[in-house]
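>>> from the sequence below, what's the structure:
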Amino acid sequence: MNKLIPILLLAFISQICYAAGAPDNSNSGVDDKDNHPHKAPQKASAPFISYNQGVLSISTHNTLYNAEIIIRDINGNIIYDVVDTISNGYVILLPSHVSSQIHSVELIHSYSHYTISVDESFNLG
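Numbering: from 1, shown residues only. Next up is the predicted model:
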């Protein structure tokens, strides 16, 4: 009987130590390998569009599939139109006849429509 008590005590302590380190499954399926809850997904943010000497750049956090880029002149006429997949660091080298007449840039994706007007110095952003 004297040998049984230390064995039972050791078994009891090991169960307590094991239970303290084991996940409790309270948020099962949302823990990553480090047992940290996943962060909420980032909200979609507006893309950043910049223009400099014939180069139109678009920076975005998410890949935009089937996004349409429309460039208009001062009269509202479309002088450049392209549908493409846009990821971060997307660059378009514009022809000189488009660069000289650019007035606004429109980016259309799903239900989002971004319009940026170009000022006299041709800077967007």
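>>> hey, let's count contacts and neighbours off CA atoms from now on
Noted.
>>> quick check: Glu106 touching His113?
Yes. Using CA atoms under 8 Å, Glu106 is in contact with His113, at 7.0 Å.
>>> which one's more surrounded, the two?
Ranked by neighbour count (other CA atoms under 10 Å), Glu106 and His113 place Glu106 first, with 17 against 12.
>>> quick one: secondary structure of the more buried one?
Applying DSSP: H, G, I helix; E, B strand; the rest coil to Glu106 yields a three-state assignment of strand.
>>> in this protein, where is pLDDT below threshold?
Residues of the chain meeting the criterion pLDDT under 70: 1-2, 9, 12, 17-44, 119-125.
>>> just the helices in it please.
With DSSP state H as the criterion, the chain has helices at 4-21, 96-101.
>>> contacts for the last one, please.
For helix 96-101, the surrounding residues in contact (CA atoms under 8 Å, 6 or more residues apart in numbering) are Gln53, Gly54, Arg72, Asp73, Ile74, Ile79, Tyr80.
>>> burial count for the third one?
By other CA under 10 Å, the residues close to Arg72 number 19.
>>> can you pull the contacts of it?
Arg72 neighbours (CA under 8 Å, 6+ apart): Ile78, Ile79, Tyr80, Gln101, Ile102, His103, Ser104, Val105.
>>> next up, the contacts around the residue nearest to it when sequence neighbours are not counted.
Once flanking residues are discounted, Arg72 sits nearest to Ile78: 4.5 Å by CA to CA, 6 or more residues apart in numbering. Ile78 is in contact with Ile70, Ile71, Arg72, counting by CA under 8 Å, 6+ apart.
>>> noted, bye for now.
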